[in-house]
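Enquirer: Everything below, folded, please.
(one chain, ligands or ions: 2)
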Amino acid sequence: MNIHEYQAREILESYGVSVPRAGVASTPDEARQLAVEFGGRVAVKAQVHAGGRGKAGGVKLVQAPDEAAEAAAGMLGTNLVTHQTKAGGAPVRKVLVAELTDIADELYVAITMDADAKAAMVMASSEGGVEIEEVAANTPNKIVRHAVDPLIGLSPYHARDIAMKIGVPTDLVQPATGLITNLCRVFQELDASLVEINPLVVTTDGRVMALDAKIAFEDDALFRHREILDLEDSEQNDELEQKAHDAGLAYVKLDGGRVGCMVNGAGLAMATMDITKTAGAAPANFLDVGGGAAEDKIAEAFEIIVSDDDVEVILVNLFGGILRCDVAARGIVMGAQYTGTQMPLVVAMRGTNANEGLQILADAGLNVTTVGDLGEAATALTQVLGADGSNA
Ligand code: GDP
Ligand code: MN
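Expert: Residues are numbered from 1 along each chain as shown. Ligands and ions are numbered 1, 2, ... in the order given. Modelled structure (predicted):
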């Protein structure tokens, strides 16, 4: 689960991390008032669950309250498109108005879970304010990594070492050490999956502070952080992903593809996407209906896949076990009737009641190509999508 910058900075503040003075505004007038409060020179920042706002016009540095109001008016009510949002962008309902900080140096600090290290990993760099992916690609030696001992936490001398390696001035190493330690506490105590400060700044008047704040939480741990659940802004989520989530279905939207994939099980999802690629096509999404879905769940899953505008053909790849193939087939027929779609289906069904399931699909008069295995599925997809199944 993601939260907004204005929420993340409040959490940071409560953990003793320095942030600029700021307030949140929902109207240009509120933005103006906040700017007056902070002396006129402020940063007006669109609140969306995505980074890259600076380059996309979602961060404006202004010198006077009227300019703050104007900047807010230009953002509020629009959809901000950044390289991290989907094509349509994300709706801006609030802006953060922050006292302008005079920056001497922009640094980078993030903490994320590292599967190889089986631990939280601090990643820090002297190259803040730019995309960290660029730093990783062009100058990987400029990224400092430190795996956090899960029992001990981040020791102060490690935090100090990190601060020095990213070029914090000597007289500010002590506050920077505290700041990095506190970021780790946020990560561990709140079960975050990401804490990212880009940029962490050294100010011209000799302070270190978090100028931007991104925190994401581990969904599976939210049950023990009820207060964090209240911070959710579902409007920022992908509409179909939200719908699937509410229905207890695992739906993932993927960029650039034309094949909608309905599967049961994560491993089958991976194999199905491989097959789609083999056919020279690409998945537009995959939806894992899981183990014991009932007919109406399957119907809803089908409806979600069809609602994805990128989908031109649906690949159904199910292994009947706890989920019986006849149940799945009835659900698909229900979904097809409900949506009225004529979209071609390529269907592989094996396992419990597979023949019955295929018969149900055939009897329903849907546009179905039945295949016996994934190789045949690839061939069928190529036929449906044309020789050039690619998505160029
Ligand atoms: P992002 O582009 O979504 O990551 O938004 P950020 O909050 O990181 O802002 C982008 C950039 O705007 C930062 O890297 C800074 O260079 C600049 N910026 C943001 N706030 C301030 C500020 O108070 N003072 C100055 N001088 N620059 C700022
Ligand atoms: Mn940033």
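Enquirer: Next, count neighbours for Leu179.
Expert: Counted with other CB atoms under 10 Å, residues neighbouring Leu179 total 24. Where you see a C-beta, it was placed from the backbone N, CA and C, and this is true even at glycine.
Enquirer: And the contacts of the one helix or strand Leu287 maps to?
Expert: Take DSSP states H and E as the rule and Leu287 turns out to sit in strand 283-288. Strand 283-288 has contacts (CB atoms under 8 Å, 6 or more residues apart in numbering) with 240, 244, 249-254, 256-266, 269, 272-273, 276-277, 301, 304-305, 308, 310-311.
Enquirer: So for stretch 111-119, mean pLDDT?
Expert: Confidence for stretch 111-119, expressed as mean pLDDT, is 95.
Enquirer: which SS class is the residue in the chain positioned nearest to ligand 2?
Expert: The nearest approach of the chain to ligand 2 comes at Asp212, 3.5 Å away (CB to the ion). Taken by DSSP: H, G, I helix; E, B strand; the rest coil, the conformation at Asp212 corresponds to coil.
Enquirer: Just say helix, strand or coil for the closest residue to it other than its chain neighbours.
Expert: Distances taken as CB to CB, 6 or more residues apart in numbering place Asn198 nearest to Asp212, at 5.6 Å, with adjacent residues excluded. Under the three-state scheme (three-state DSSP), Asn198 adopts strand.
Enquirer: didn't Asn198 look like it was pressed against Met123?
Expert: No. Counting by CB atoms under 8 Å, Asn198 sits too far from Met123 to count as a contact (10.4 Å).
Enquirer: Identify the contacts common to those two.
Expert: With CB under 8 Å, 6+ apart, Asn198 and Met123 have common neighbours 108-110, 132.
Enquirer: and the two most separated of those?
Expert: Val109 and Ile132 (10.2 Å; CB to CB).
Enquirer: which one of these two has more residues nearby?
Expert: The residue with more neighbours, out of Val109 and Ile132, is Val109; 26 against 19, by other CB under 10 Å.
Enquirer: Now that one: phi and psi?
Expert: phi -140, psi 130 (degrees, to the nearest 10).
Enquirer: For the remainder of this discussion, apply numbering that starts at 817.
Expert: Okay, residue one is now 817; in that scheme the one you just asked about reads as Val925.
Enquirer: Residue numbers of the protein in contact with ligand 2?
Expert: Counting by CB under 5 Å from the ion, the residues of the chain close to ligand 2 are 1014, 1028.
Enquirer: let's see it at 8 Å
Expert: 867, 869-870, 945, 1012, 1014-1015, 1027-1028, 1030 (CB under 8 Å from the ion).
Enquirer: Which other helices and strands does the longest helix along the chain contact?
Expert: Looking across the chain with DSSP state H, the single longest helix is helix 989-1005. Applying 3 or more CB pairs under 8 Å, 6 or more residues apart in numbering; DSSP states H and E, one finds that helix 989-1005 makes contact with helix 821-830, strand 919-930, strand 935-941, helix 972-981, strand 1008-1019, strand 1024-1026.
Enquirer: switch the cut-off to 6 Å
Expert: For helix 989-1005, the packing partners by 3 or more CB pairs under 6 Å, 6 or more residues apart in numbering; DSSP states H and E come out as strand 919-930, helix 972-981, strand 1008-1019, strand 1024-1026.
Enquirer: what helices or strands is the second one leaning on?
Expert: In this structure, helix 972-981 makes packing contacts with strand 959-963, helix 989-1005, judged by 3+ CB pairs under 6 Å, 6+ apart.
Enquirer: so how far is the last one off the chain centroid?
Expert: A distance of 24 Å separates the C-alpha centroid of helix 989-1005 from that of its chain, computed with CA atoms, centre = their mean, to the nearest Å.
Enquirer: Report the buried residues of the longest helix of the chain.
Expert: If you call a residue buried by 16 or more other CB atoms under 10 Å, then helix 989-1005 has these buried ones: 989, 991-1000, 1002-1004.
Enquirer: what sits up against it?
Expert: Residues from elsewhere that reach helix 989-1005, judged by CB atoms under 6 Å, 6 or more residues apart in numbering: 831-833, 927, 936, 970, 975-976, 978-980, 984, 1011, 1024.
Enquirer: pLDDT at the nearest residue to Ala859 once chain neighbours are set aside, what is it?
Expert: Distances taken as CB to CB, 6+ apart place Ala914 nearest to Ala859, at 4.7 Å, with adjacent residues excluded. Reading off the confidence values, Ala914 has pLDDT 98.
Enquirer: Confirm that Ala914 sits in a helix.
Expert: No. Read with three-state DSSP, Ala914 is strand and lies in no helix.
Enquirer: Pairing-wise in the sheet, spell out the partners of it.
Expert: Ala838, Ala859 (DSSP bridges).
Enquirer: do Asn1101 as well
Expert: Counting by DSSP bridges, Asn1101 is bridged to Lys1069, Gly1076.
Enquirer: any idea how far Glu1051 is from it?
Expert: Separation of Asn1101 from Glu1051 (CB to CB, to the nearest Å): 20 Å.
Enquirer: next one: Leu1103
Expert: Using CB to CB, we find Leu1103 at a distance of 22 Å from Glu1051.
Enquirer: gap between the strand holding Leu1103 and the chain center?
Expert: The chain centre lies 16 Å from the centre of strand 1099-1104; the measure is CA atoms, centre = their mean.
Enquirer: Give the rounded mean pLDDT of that strand.
Expert: Mean pLDDT, strand 1099-1104: 93.
Enquirer: again with stretch 970-980
Expert: 97.
Enquirer: Check the offset of that stretch from the chain's centre.
Expert: Its chain's C-alpha centre and that of stretch 970-980 lie 29 Å apart, by CA atoms, centre = their mean.
Enquirer: for stretch 1079-1090, same thing?
Expert: Centroid displacement of stretch 1079-1090 relative to its chain, using CA atoms, centre = their mean, is 21 Å.
Enquirer: swap in stretch 939-950?
Expert: On CA atoms, centre = their mean, the centre of stretch 939-950 falls 19 Å from the chain's centre.
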